[in-house]
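Enquirer: When you get a sec, could you give me coordinates for this:
(one chain, ligands or ions: 2)
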Amino acid sequence: MSINIPKLPTIRDLDIREKKVLVRIDINSPIDPETGEILDDRRISVHGKYIKEMMKDYNPALVLISHQGRPGEGDFTSLEKHAELLSKYTGVTVKFVDDIIGPKAREEIRNLKPSEILLLENLRLLSEEIIEASPEKQALTMLVKKLSSNVDVYVNDAFATAHRSQPSIVGFPLSLPSCIGPVFEKEIQAITRILNSFESPRIYVLGGSKVRELLRVIENLMRNKLADRILATGLLAHLFLVAKGIDIGVENMKVLEEKGLLPLIPRARYILMRGAPIETPIDFKAKINGEVRNVYVGEIRGVIKDIGNNTVKIYGDLLKDAKVIVMRGPAGVIEEEEFRTGTLNLLESVYKSNAFTLIAGGHLGSMVDENRLNNRIHVSTGGNALLLFLSGEELPALKAMELSSKMFLGW
Ligand SMILES: Nc1ncnc2c1ncn2[C@@H]1O[C@H](COP(=O)(O)OP(=O)(O)OP(=O)(O)O)[C@@H](O)[C@H]1O
Ligand SMILES: O=C(O)[C@H](O)COP(=O)(O)O
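Expert: Numbering: from 1, shown residues only. Ligands and ions are numbered 1, 2, ... in the order given. Down below sits the predicted model:
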């Protein structure tokens, strides 16, 4: 079955040359709560690369907006450091203003000339930005009203926030001629290629800790017959082993309990009974008496922290023949160096394969060797947005963009 993805306007459909362009990006990054340092700047570097191209091709005056973290959490910080990194990746000095809709920000926007870039402060300092509502309601917020009257067009390049119905995502498209940006477009192209591919085998390697979300993805994959094999790793593997009736040991059951995952066992059983092509590991890495040991299913001891050597080999062999690969979430506790082997080896199989590959998720993305990438491999900037999309859910950003293209482009 193929999935219908709406045709969305891109910067080629809108006249942005020398215009004042408001661009919603997602440079939300992991932050060290103690020092405030940005721990991984992948999203910033990806946006930087495409902004640089946009400047070269269209010479606009760019006003960038983004969020960082959530109020009350350790990663809720200013975007000042992000501006420095954006300057590094774009090769243009990105001016930062510690204001969003006040007189200071509006003055800076009014004075901005083509070839200049301005970054406004963290959008989530505005309480309006946290509230989710319909595009029609969001178009009436102060954020949308105050900024719309100072720019010519709106570009949504924040694919990773496409699942939020917040004013900076769904309000502007109803107020200004709008389109998606290049990062968003690349993500849609990769997902379309994955979801509409009839080449097989199509193999999903699903791991990490967002097990609830992954079950939704698996249910959609089954509904639409999108996967030939699903190789479970990470905490998803724990859950499916238990659902298969396999004893994973008291300590690992406790891990599932602590993460609130035990209630998902019946749902996982139902997924298996309906014939989902889910493979589970045959061995794992665990720390026993201070030493890393390879333990086999049937005699699992210790806390499982990675997939084992034989599973790496078997999963690797399966990936060799794949035509399409989607890899999401790490295979083990990659925060501990000794438990990165499974993830790194699976990535090695991806680099060597000829399959079109989508790699998703912040933790997994941080393990990718940029020097080994090629145009067959797309490393997504999306986390939850991508998972929801793969689960078959409508993303508010796409809906708002469709409304906008009807209103302003007559599509
Ligand atoms: N066997 C395991 N036991 C416990 N935790 C695990 C195991 N395998 C992986 N994890 C944990 O999963 C977490 C990453 O999962 P997550 O689902 O957040 O992936 P991600 O790639 O960062 O995706 P996203 O960007 O959507 O957050 C890591 O913190 C890692 O320690
Ligand atoms: O990292 C993400 O998933 C996006 O930046 C969205 O962040 P949020 O979950 O805080 O809305």
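Enquirer: which residues does the residue of the stretch 51-200 of the chain found nearest ligand 1 contact?
Expert: Proximity of the stretch 51-200 of the chain to ligand 1 (C-beta to the nearest ligand atom) peaks at A160, 8.7 Å away. To be clear about C-beta, it is placed using only N, CA and C from the backbone, and glycine gets the same treatment. Residues near A160 by C-beta atoms under 8 Å, 6 or more residues apart in numbering: 26, 28, 43, 381-383, 385-386.
Enquirer: In helices only, show me those residues.
Expert: Of the contacts of A160, the ones assigned to helices by DSSP state H are 43, 385-386.
Enquirer: returning to what we had before: need phi/psi at the residue of the stretch 51-200 of the chain closest to ligand 1.
Expert: Per-residue torsions, A160: phi -70, psi -10 (degrees, to the nearest 10).
Enquirer: need the ones in helices among the contacts of A160 in JSON lines with distance to S165, can you?
Expert: Output for these, formatted as JSON lines (distance: C-beta to C-beta, whole Å):
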{"residue": "R43", "distance to S165": "21"}
{"residue": "A385", "distance to S165": "12"}
{"residue": "L386", "distance to S165": "17"}
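Enquirer: Could you check which residue of the stretch 201-350 of the chain lies nearest ligand 2?
Expert: As assessed by C-beta to the nearest ligand atom, ligand 2 sits closest to K210 within the stretch 201-350 of the chain, at 10.6 Å.
Enquirer: Quick check: that residue touching L387?
Expert: Yes: between K210 and L387 there is a contact at 7.0 Å, judged by C-beta atoms under 8 Å.
Enquirer: if we can go back for a sec, just give the number of residues close to the residue nearest to the residue of the stretch 51-200 of the chain closest to ligand 1 when sequence neighbours are not counted.
Expert: The shortest distance from A160 to any non-neighbouring residue, by C-beta to C-beta, 6 or more residues apart in numbering, is to D26 (4.1 Å). By other C-beta atoms under 10 Å, the residues close to D26 number 27.
Enquirer: and D26, what does it touch?
Expert: If you count contacts by C-beta under 8 Å, 6+ apart, then D26 has 43, 47, 66-67, 157-161, 381 around it.
Enquirer: from those residues, which are also near ligand 2?
Expert: The overlap between the contacts of D26 and the neighbours of ligand 2 (C-beta under 6 Å from any ligand atom) comes to 160-161.
Enquirer: I325 belongs to a helix?
Expert: No: going by DSSP: H, G, I helix; E, B strand; the rest coil, the assignment for I325 is strand, not a helix.
Enquirer: show me the contacts for it.
Expert: Going by C-beta under 8 Å, 6+ apart, I325 touches 202-205, 319, 350, 353, 355-358.
Enquirer: which residues of the stretch 1-150 of the chain fall in strands?
Expert: Shown for the stretch 1-150 of the chain, the strands assigned by DSSP state E, counting those that start in this stretch span residues 20-24, 61-65, 94-96, 117-119.
Enquirer: next one: the stretch 301-411 of the chain
Expert: 303-307, 324-328, 356-360, 377-379.
Enquirer: winner for burial among these?
Expert: For the strands of the stretch 301-411 of the chain, average neighbour numbers computed from mean count of other C-beta atoms under 10 Å are highest in strand 324-328, which has a mean of 26.
Enquirer: Direction included, what does that one pair against?
Expert: If you go by DSSP bridges, strand 324-328 pairs up with strand 202-206 (parallel), strand 356-360 (parallel).
Enquirer: With respect to ligand 1, which of the ones you listed lies nearest?
Expert: For ligand 1, the closest of those is strand 356-360, at 6.9 Å, according to C-beta to the nearest ligand atom.
Enquirer: Ignoring the adjacent residues along the chain, who's closest to V23?
Expert: Closest to V23 by C-beta to C-beta, 6+ apart is V155, at 4.5 Å.
Enquirer: helix, strand or coil for that neighbour?
Expert: strand.
Enquirer: show me the contacts for it.
Expert: By C-beta under 8 Å, 6+ apart, the contact set of V155 is 11, 14, 16, 21-24, 178-181.
Enquirer: How about the contacts made by the closest residue to ligand 1 within the stretch 201-350 of the chain?
Expert: Closest residue of the stretch 201-350 of the chain to ligand 1, C-beta to the nearest ligand atom: G208 (2.7 Å). Going by C-beta under 8 Å, 6+ apart, G208 touches 214, 234-236, 328-330, 361, 363-364.
Enquirer: how about the residues of the stretch 301-411 of the chain near ligand 1?
Expert: Residues of the stretch 301-411 of the chain found near ligand 1 (C-beta under 6 Å from any ligand atom) are 304-305, 329-330, 332-335, 361-364, 383-384.
Enquirer: and what of the chain?
Expert: Contacts of the chain with ligand 1, taken as C-beta under 6 Å from any ligand atom, map to 207-210, 234-235, 304-305, 329-330, 332-335, 361-364, 383-384.
Enquirer: Select from those residues every entry located in helices.
Expert: Using DSSP H, the residues of the chain next to ligand 1 in helices are 234-235, 362-364, 384.
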